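Engineer: Model the structure of this input:
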Amino acid sequence: MEIVVRQGDSLSHYSQLFKINLQLINDSNQIIQPNSLSVGQRIQIPGFVAQEYQIRYGDSLTSIAQSRNLPLEVVYLVNPGINPKNLKETQVIKVPLRITWRLVNGRQSYDYEKLMKDIERLHEIYPFLQIPSIGNTVLGKNIPEILIGNGRKRIHYNGSFHANEWITTPVIMTFLNDYLLSLTNQNNIRGLSTFPFYEQTTLSIVPMVNPDGVDLVLHGPPANENLKKRVLCLNKGKTDFSGWKANMSGVDLNDQFPAKWEEEKARNPNQPGPRDYGGEKPLSEPEAIAMAGLTKKREFARVLAFHTQCEEIYWGFDNLEPPQSEDIVKEFSRVSGYVPVKTIESYAGYKDWFIQDWRRPGFTVELGHGINPLPISQFDEIYQKSLGIFLAGLYM
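Structural biologist: Numbering: from 1, shown residues only. Here you go, the predicted model:
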C-alpha cells in the first residue's frame, strides 16, 4: 500500500502506526537515507492494501477509522489533501486494509499462469520480496526466484523439478504466503516467532523449476503443431501426459547434474521421453543450467528439493554429506513424521550435485504418498506434514 510522506514523518513512525516491523518497511522501499524522508515522497507499507470506500450520509473520517479499528492518521496518509469537513455522499476515498488471509489457493491444479499471478500479487502486497529471474525454459518461460529475508545464512527451497510432481509448487507457495502473513501480522507459526528467521536468513525459493513440463501435464500438448507432434511422439502417441516428468525436450531435469551422471545415464533410457533420460551431457537443458547458475551465485548453506512421493527424506550422497546433515534430517523427521533415508540407487540429482560440490547439507523431500501426480485432495495433509520441514529448514 502506498502512502505519501508529510512534514515530520519517519519510517519508525509508520512502523508504530501500522504495527509493521521497521525492517520490513525499510526493505520494502530500499531508501538510502531512511531518516531523511522528503515531503511528498511515496512509501510502500507492506501487508496492507488501500480499499476504495464510498462515503455515505453521516460518515466522517473519524467514524470510518473507528469502524475499522484504525488510527485516524492512517486514513489521512492514504488520502493526501483530503478535507475532512467537505466530505460528500458518494465520494470515493481509500481506506487501509490489513491483509490477514492467504492470497494463494493451493487446493487446485496449479499451473505456470497461476504461479505467476500469485507471485505478482504477493510482490504487490509484500514489496520486501525480490523476484529476480534465474533464466528461461525450453519454450522461453521465465523461471522466477523469490528472495525473502536479509540474513547471512542462505537457504534454498525448490519444487516441480519433475512435471507430474507439480503439487510441490502450491505447497511451497502456501508456506511462503503463511510466512509473509506471520511477518506482517506478528503471528507465530507453530509457536515460532518468524521475524528472527527473516533477520538471520535469506531464503531463496524457485517454486517451479519445470514450468513447460507442468503445463504439459495439466493442459496437454501446446497448440503449436510442430511442438505437439514432437511431444506426442516422445509420449508414444498418448495424449495422457500424467506420467510425464521431463522438460519439453524429453529430458529429466533431476538426472542432469554432474554427480555420477555417467552411471545414471548407463542404466536409464538412451533417448528423450517422458522420464529418466538424462540428456546427451550434464547441464544441457536451460532449466538445469539456470538452477546450477543460481546455486553457484548464491552459495547456499543448504538446499531442499521438494518432490513426490513416499514421505521420505533423502539426505546423503556418496558419503560426501557433512556430519550436521544427519542432525538436520532427524529434526525434519521429528516435525513431519517422514522417514530419513541416507542413500538410494539414484544419482545425478540436484541435491546430489550440491552435496558433492559444496560438501554442505542437501535434501530431497518426497511429499505425500500414492501415484504421481498426487491428487489435490492430499494437499492439506501434505502441507501440514511438510510445514515443520519448511520451518526447521530455517532454524536448524
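Engineer: Show me where the stretch 101-250 of the chain has its strands.
Structural biologist: In the stretch 101-250 of the chain, the segments counted as strands under DSSP state E, counting those that start in this stretch are 133-136, 142-144, 146-148, 153-159, 201-206.
Engineer: other SSEs contacting the third one?
Structural biologist: Judged by 3 or more CB pairs under 8 Å, 6 or more residues apart in numbering; DSSP states H and E, strand 146-148 is in contact with helix 168-185, strand 201-206. From N, CA and C alone the C-beta is placed, and that goes for glycine too.
Engineer: any idea which of these is most buried?
Structural biologist: Burial of these is given as mean neighbour count (mean count of other CB atoms under 10 Å); helix 168-185 ranks first at a mean of 24.
Engineer: before we move on, the earlier item: relative to residue 28, which of the strands of the stretch 101-250 of the chain is closest?
Structural biologist: Closest of those to residue 28 is strand 146-148, at 11.8 Å (criterion: CB to CB).
Engineer: Show residues contacting the closest one.
Structural biologist: Residues from elsewhere that reach strand 146-148 (CB atoms under 8 Å, 6 or more residues apart in numbering): 119, 128-132, 176, 179-180, 198, 202-207.
Engineer: so which of those comes closest to residue 95?
Structural biologist: Using CB to CB, the contacts of strand 146-148 come closest to residue 95 at residue 180, 21.6 Å.
Engineer: Please tell me I have it right and that closest one contacts residue 126.
Structural biologist: Yes: if you go by CB atoms under 8 Å, residue 180 and residue 126 touch, sitting 4.9 Å apart.
Engineer: ok so, going back, would you turn the strands of the stretch 101-250 of the chain into CSV with distance to residue 260 and mean pLDDT?
Structural biologist: Conversion of these to CSV gives the following (distance: least, CB to CB, whole Å; pLDDT from 0 to 100):
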stretch, distance to residue 260, mean pLDDT
strand 133-136, 24, 98
strand 142-144, 25, 98
strand 146-148, 31, 98
strand 153-159, 21, 98
strand 201-206, 23, 98
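Engineer: and of those strands, who's closest to residue 379?
Structural biologist: Closest to residue 379 of these is strand 153-159 (CB to CB; 13.3 Å).
Engineer: For the closest one, which strands pair with it and how are they oriented?
Structural biologist: Here strand 153-159 has these sheet partners by DSSP bridges: strand 201-206 (parallel), strand 302-308 (parallel).
Engineer: Return that strand as PDB; C-alpha atoms alone will do.
Structural biologist: Only the C-alpha atoms of strand 153-159 are listed here, as PDB (Å, rounded to 0.1, in the frame of the first residue of the first chain):
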ATOM      1  CA  LYS A 153      22.600 -17.700   6.200                       C
ATOM      2  CA  ARG A 154      21.400 -18.500   2.600                       C
ATOM      3  CA  ILE A 155      18.800 -21.300   2.300                       C
ATOM      4  CA  HIS A 156      17.200 -22.600  -0.800                       C
ATOM      5  CA  TYR A 157      13.900 -24.400  -1.500                       C
ATOM      6  CA  ASN A 158      12.600 -25.600  -4.900                       C
ATOM      7  CA  GLY A 159       9.800 -27.600  -6.400                       C
END
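Engineer: buried sites along it?
Structural biologist: For strand 153-159, a neighbour-count test (16 or more other CB atoms under 10 Å) marks 154, 155, 156, 157, 158, 159 as buried.
Engineer: do stretch 311-319 as well
Structural biologist: Judged by neighbour count (16+ other CB under 10 Å), stretch 311-319 contains these buried residues: 311, 312, 313, 314, 315, 316, 317.
Engineer: The fifth one contacts residue 344, doesn't it?
Structural biologist: This means residue 315. No: using CB under 8 Å, residue 315 makes no contact with residue 344, being 10.6 Å away.
Engineer: just to revisit the earlier point, would CSV of the helices and strands packed on strand 146-148 with distance to residue 363 be doable?
Structural biologist: Output for the helices and strands packed on strand 146-148, formatted as CSV (distance: least, CB to CB, whole Å):
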stretch, distance to residue 363
helix 168-185, 13
strand 201-206, 15
